[in-house]
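>>> Give me a 3D structure for the following:
(2 chains)
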Amino acid sequence: MTVRSLVSRVALAALGALLVLFIVGPLLRLLFFGSPESLVEALRDPELRDSIALTVFTASTATLIAALLGVPLAYLLARRNFPGRRLVQGLIELPVVVPHPVAGIALLLFLGRRSEVGGALGQLGLEFVSHVPGIIAAMLFVSAPILVSGAREAFRSVDPQLERVARTLGDSAWDAFRRVTLPLAGRGVLAGSILAWSRSVSEFGSIVILTYNPKVASIYIFDRFTTFGLEAAVPAAVILLLVALTVLVVIRVLQPGERQ
Amino acid sequence: MIRLENLHVRVGNFDLRDITLEVPKGGYALIIGPTGSGKTTLLEAIAGHAQLRAGRVFMHDDEVTHLPPEQRGLGFVYQQYHLFPHLSVRENIGYGLRQPRGNGPRPADRVAELAGMLAIEPLLERRVRGLSGGEQQRVALARALAPKPSILLLDEPFAAVDPATRQVLRRELRELHEREGITTLQVTHDFDEALRLGDLVAVLAEGRIAQSGTPEQVFRYPNSAFVARFVGTGNVIAGTVERTETGDGPGPFRARFTGGSLVLDVVAEREGAIHAVLRPEDIVLSLTHHSGSARNHIEGRVVRLERIGPVTLVHLDVGRPLIASLTTQSVEEMGLKSGIAVIVAFKATAILLV
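Coordinates of the predicted model:
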């Protein structure tokens, strides 16, 4: 190796290392800021436990709805060429670029009592603003694009010819999907769902506008921070961080592509 | 039996048109044609994967034009095999077998039978990943044959295997075809394969059937310059025909064919622009002029020799390139080598005008 290429390699590695340190540093600092005792202590607080339970429930519900509506759409986007496909694809990715408070305000206007949609749903007993469905709606709005694009890529990675082979072997279109495409895309779809779930768990900006109370974990942390200060917010923050890390590990295990 | 009537399929900007073809029950037909001629599209249309703009498809006298692929009772082996990567070899082969009600034959027995026939028993528990091309080919064939289809469609089944394996597979396929009596339609770009395997061959060019018939017929009597070039009939020369014989009664007449600097005596059936096809084995070479029945004698020069075992192809320059095929023994006895001047002779009747 020449001196020049050695120098350039070291320089590249140093630049990369800076960024990695910048990401890992604060998280490590947070993890070791509080003692394990303080974590246990924090978990004794019923308000924290409730907010975690609420977060898990709402995020799971939002993911389930996103999967139910989004997986068929992802399949269509990956496999079929229909008029307006690109438009649909663009629209579904819109929430990714919309700032979250903006999404919250839009949802508030759409689902609030004074809007026609919100009013009609309110008549049916479905209240969004300051109610649990509002949390789910906000989570669905921000996480659905992640699930759809994850599932779409998973379906796209399955050779469409395989379904054709299955058809010539006697499978109906549905059987071919169920026996071939779904098992092959399943891990990718699941990984996309978990990513969407963790996106829901981490949502703050739109929920804070739509439903401050009851509090999900992110709002609980914000509330502790503004009311009692930094130290009071740390244990809950650590717990949320641990949940996020677990999700990351699970997704890494599910995605076989990147392993050597 | 497969019968296609005036099929018209459009894929993107490509049109497959006026496809009419019949493969008799138990027959082995080959569709040959260059890349992009629509061979695979044709198979997909027969299988029911491509939407027809017009035309009808029959299988054993039943019209299947509007049936979905799973109700057509055919097997399809794709060029890239497309084995199911999430299943084992055994599961792949058994994929199309349904658990019988009552005392039908068990799927496991059929899998074992096919694995035996194709000598892939040791692979049954393996995953698909890591199988060689030839192994994948056998598994794909076994999978397609397992449900006992009465019709088998093969898309370039030997394209991705090495030449030695190809020969073995060709022989096995022919044997399987005879044993199982399946009406088979295979796509290939290799005319050699058609000569070896097929009872019937159809040459596809730009989405239409240029010619169909027995391989022998198509090879001996190509009906167009395209077919002649494609099946390797030999020398194809563009030119024009003028009548040299007086009178204009019906039937063939003596004529002069002019293609560039080349002027030949021919027997023609029409005048005008035409292609002359001259088979390499019909060309006689000699070192000196001598009389004989051949009407055409041209002076030429040997460019190079291409030895293929007992046969040698002699590449000639007669003002344009020409290829003659001689026994290697003759080439040696005549002392032919590149640069030597020769007399090129052939009979007027050996020239096919298309």
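>>> Can you name the element that comes right after the helix or strand that residue B:167 is a member of?
Element membership for residue B:167, per DSSP states H and E: helix B:163-180. Counting by DSSP H and E, the next helix or strand C-terminal to helix B:163-180 is strand B:183-188.
>>> pLDDT of the very next helix or strand once past that following strand, averaged?
Per DSSP H and E, strand B:183-188 leads on to helix B:191-197 as the next helix or strand towards the C-terminus. Averaged across helix B:191-197, the pLDDT comes to 76.
>>> What lies in contact with helix B:191-197?
For helix B:191-197, contacts defined as CB atoms under 8 Å, 6 or more residues apart in numbering or on different chains pick out B:28, B:30, B:32, B:158, B:170, B:173-174, B:186, B:188, B:201, B:215-216, B:218-219, B:230-232. Just so you know, the C-beta spots here come from the backbone N, C-alpha and C atoms, and that holds for glycine as well.
>>> Go through that helix and flag the buried ones.
For helix B:191-197, burial by neighbour count (16 or more other CB atoms under 10 Å in any protein chain shown) applies to B:191, B:193-195, B:197.
>>> Contact partners for the residue nearest to residue B:352 when sequence neighbours are not counted?
Among residues not flanking residue B:352 along the chain, residue B:277 sits closest, at 4.2 Å (CB to CB, 6 or more residues apart in numbering or on different chains). Going by CB under 8 Å, 6+ apart, residue B:277 touches B:222, B:225, B:228, B:233-237, B:351-354.
>>> related to what we said a few turns ago, ok, the buried residues of helix B:191-197 vs chain A, which is closest?
Proximity of the buried residues of helix B:191-197 to chain A, judged by CB to the nearest CB, is greatest for residue B:197, which lies at 21.3 Å.
>>> who's in contact with residue A:115?
Applying CB under 8 Å, 6+ apart, the residues near residue A:115 are residue A:109.
>>> Just the pLDDT for it.
Looking at residue A:115, its pLDDT reads 89.
>>> can you check residue A:255 too?
69.
>>> Touching, residue A:144 and residue A:70? I think so.
Yes - if you go by CB atoms under 8 Å, residue A:144 and residue A:70 touch, sitting 5.6 Å apart.
>>> So for these two, which residue has more residues nearby?
The residue with more neighbours, out of residue A:144 and residue A:70, is residue A:70; 28 against 24, by other CB atoms under 10 Å in any protein chain shown.
>>> list the contacts for the nearest residue to that one once chain neighbours are set aside?
Using CB to CB, 6+ apart and skipping residues adjacent in sequence, the residue nearest residue A:70 is residue A:148, 4.4 Å away. Going by CB under 8 Å, 6+ apart, residue A:148 touches A:66, A:70, A:73-74, A:77, A:92, A:192.
>>> Can you list the residue ranges for helices in chain A?
A:3-31, A:36-43, A:46-79, A:85-92, A:94-97, A:100-111, A:116-123, A:132-156, A:160-168, A:173-176, A:182-202, A:207-210, A:217-228, A:230-254 (DSSP state H).
>>> Could you save the ones you listed as TSV and add columns showing distance to residue B:46?
What follows is these, written out as TSV (distance: least, CB to CB, whole Å):
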stretch	distance to residue B:46
helix A:3-31	55
helix A:36-43	66
helix A:46-79	22
helix A:85-92	29
helix A:94-97	44
helix A:100-111	51
helix A:116-123	51
helix A:132-156	27
helix A:160-168	10
helix A:173-176	18
helix A:182-202	26
helix A:207-210	56
helix A:217-228	58
helix A:230-254	40
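>>> who touches residue B:259 in this structure?
Contacts of residue B:259 by CB under 8 Å, 6+ apart are B:237-240, B:276, B:320.
>>> Could you export these as TSV, including secondary structure and pLDDT?
Listed next are the contacts of residue B:259 as TSV, based on DSSP: H, G, I helix; E, B strand; the rest coil; pLDDT from 0 to 100:
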residue	secondary structure	pLDDT
B:237	strand	88
B:238	strand	87
B:239	strand	89
B:240	strand	92
B:276	strand	88
B:320	coil	87
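>>> among those residues, who's most crowded?
In those, the most neighbours by other CB under 10 Å go to residue B:276, 23 neighbours.
>>> Which one of the contacts of residue B:259 is nearest to chain A?
For these, the residue nearest chain A by CB to the nearest CB is residue B:238; the value is 40.6 Å.
>>> Any figure for the gap between residue A:25 and residue A:16?
According to CB to CB, to the nearest Å, residue A:25 and residue A:16 sit 14 Å apart.
>>> now do residue A:242
As judged by CB to CB, residue A:242 and residue A:16 stand 26 Å apart.
>>> Same question for residue A:217.
From residue A:217 to residue A:16 the distance is 32 Å (CB to CB).
>>> Show me which of those two is the more surrounded one.
residue A:217 (24 against 10).
>>> re the thing from before, which pair in the contacts of residue B:259 has the greatest spatial separation?
The largest separation in the contacts of residue B:259, counting by CB to CB, is between B:240 and B:320 at 15.0 Å.
>>> Find the residue ranges of the chain scoring beneath the pLDDT cut-off.
As the question left the chain open, I've gone with chain A. Residue ranges of chain A with pLDDT under 70: A:1, A:255-260.
>>> actually it's chain B I care about, not the one you picked
Residue ranges of chain B with pLDDT under 70: B:102, B:104, B:248.
>>> So which of the contacts of residue B:277 sit within strands?
Using DSSP state E, the members of these that fall within strands are B:235-237, B:351-353.
>>> just curious, which of those residues is nearest to residue A:155?
For those, the nearest to residue A:155 is residue B:236 (48.3 Å; CB to CB).
>>> Would you agree that closest one is in contact with residue B:230?
No - counting by CB under 8 Å, residue B:230 is not a contact partner of residue B:236; they are 9.9 Å apart.
>>> the more surrounded of these two?
Under the criterion of other CB under 10 Å, the comparison of residue B:236 against residue B:230 puts residue B:230 first, with 23 against 20.
>>> Tell me the spacing between the more buried one and residue B:223.
According to CB to CB, residue B:230 stands 12 Å off from residue B:223.
>>> Domain parsing of chain B, as residue ranges.
By the record's domain assignment, chain B is partitioned as B:2-225, B:234-353 (the TED database).
>>> The closest residue to residue A:67 other than its chain neighbours: how many residues sit nearby?
The shortest distance from residue A:67 to any non-neighbouring residue, by CB to CB, 6+ apart, is to residue A:193 (5.6 Å). The number of residues packed around residue A:193, counting by other CB under 10 Å, is 23.
>>> Next one: residue A:193 relative to chain B, how far apart?
19 Å (CB to the nearest CB, to the nearest Å).
>>> For that residue, which residues are in contact?
A:63, A:66-67, A:147, A:150-151.
>>> hey, what's residue B:351 bridged with?
residue B:278 (DSSP bridges).
>>> Surely it is in contact with residue B:276?
Yes - between residue B:351 and residue B:276 there is a contact at 5.2 Å, judged by CB under 8 Å.
>>> Give me the common contacts of those two.
By CB under 8 Å, 6+ apart, the residues touching both residue B:351 and residue B:276 are B:257, B:264, B:266.
>>> so where does the second one fall, helix or strand?
Read it as residue B:264. Assigned by DSSP H and E, residue B:264 falls within strand B:262-268.
>>> Let's see that strand as PDB, backbone CA atoms only.
The C-alpha coordinates for strand B:262-268 follow below in PDB (Å, rounded to 0.1, in the frame of the first residue of the first chain):
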ATOM      1  CA  LEU B 262     -21.400 -13.300 -59.000                       C
ATOM      2  CA  VAL B 263     -23.400 -14.600 -62.100                       C
ATOM      3  CA  LEU B 264     -24.900 -18.000 -61.800                       C
ATOM      4  CA  ASP B 265     -27.000 -20.300 -64.000                       C
ATOM      5  CA  VAL B 266     -30.100 -21.300 -62.000                       C
ATOM      6  CA  VAL B 267     -33.500 -22.900 -62.400                       C
ATOM      7  CA  ALA B 268     -36.100 -20.300 -61.200                       C
END
